[in-house]
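In: whatever this is, show me its structure:
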Amino acid sequence: MIDETDLQILEILQDKARIPNAEIARQIGMAPSAVLERIRKLENQGIISGYEVRLNPEHFGQKLSAFVFIEATQVGTDTLFEQLANITGVQEIHQVAGKDGYLLKLRVADTEALGRILRDEIAALEGVRATRTQIVLSTFKETRRVALNCSTDE
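Out: Presented below is the predicted three-dimensional model:
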């Protein structure tokens, strides 16, 4: 069960995952050892699934974002998921409702790189019937932050 103190800790960690436990403790008025114990509990429960660095993809030449809808001959096959996951530039893979069984998010250098991936890698996979691509012109919000103000009673 997550309480208000856990939510405060999670909010702080979402803003700055590398913040020292002593600083979290200072902000919420707890002992550092109690904060560490709560963080370990949240990790053990799978609520905190890891810590990662957010890199700016443009610094690595990945200036183009695109969403690719894939119409598959059969949806839900592990083989297709695994093959898609191994394609460089694929950041997210979602199984979706509707005609298109999958939605991918890609980050690549340019339209030439995107075309190469679509043509030589994705379209060549067994089980891919068709693709439909949306190129991102600008991004107003992009986050992995989870809203913590929803009900946690379930």
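
In: in the helix or strand bottoming out on mean pLDDT in the chain, what counts as buried?
Out: The weakest-scoring helix or strand in the chain, judged by mean pLDDT, DSSP states H and E, is helix 78-85 (a mean of 92). For helix 78-85, burial by neighbour count (16 or more other Cβ atoms under 10 Å) applies to 80, 83-84. Glycine gets a C-beta too; all of them are placed from N, C-alpha and C.

In: repeat that for stretch 14-24.
Out: 21, 24.

In: ditto for stretch 130-141
Out: Of all the residues in stretch 130-141, those buried under the rule 16+ other Cβ under 10 Å are 131, 133.

In: any residues touching that stretch, and which ones?
Out: 64-71, 100, 111, 114, 118, 122-123 (Cβ atoms under 8 Å, 6 or more residues apart in numbering).

In: buried ones among those residues?
Out: Taking 16+ other Cβ under 10 Å as the criterion, what is buried in the contacts of stretch 130-141 is 64-66, 68-70, 100, 114, 118, 122.

In: what's next to the following helix or strand past the least confident helix or strand of the chain, contact-wise?
Out: Note on helix 78-85: by DSSP states H and E, the next helix or strand toward the C-terminus is strand 90-95. Among residues not part of strand 90-95, those counted as contacts by Cβ under 8 Å, 6+ apart are 75-76, 81, 84-85, 101-107.
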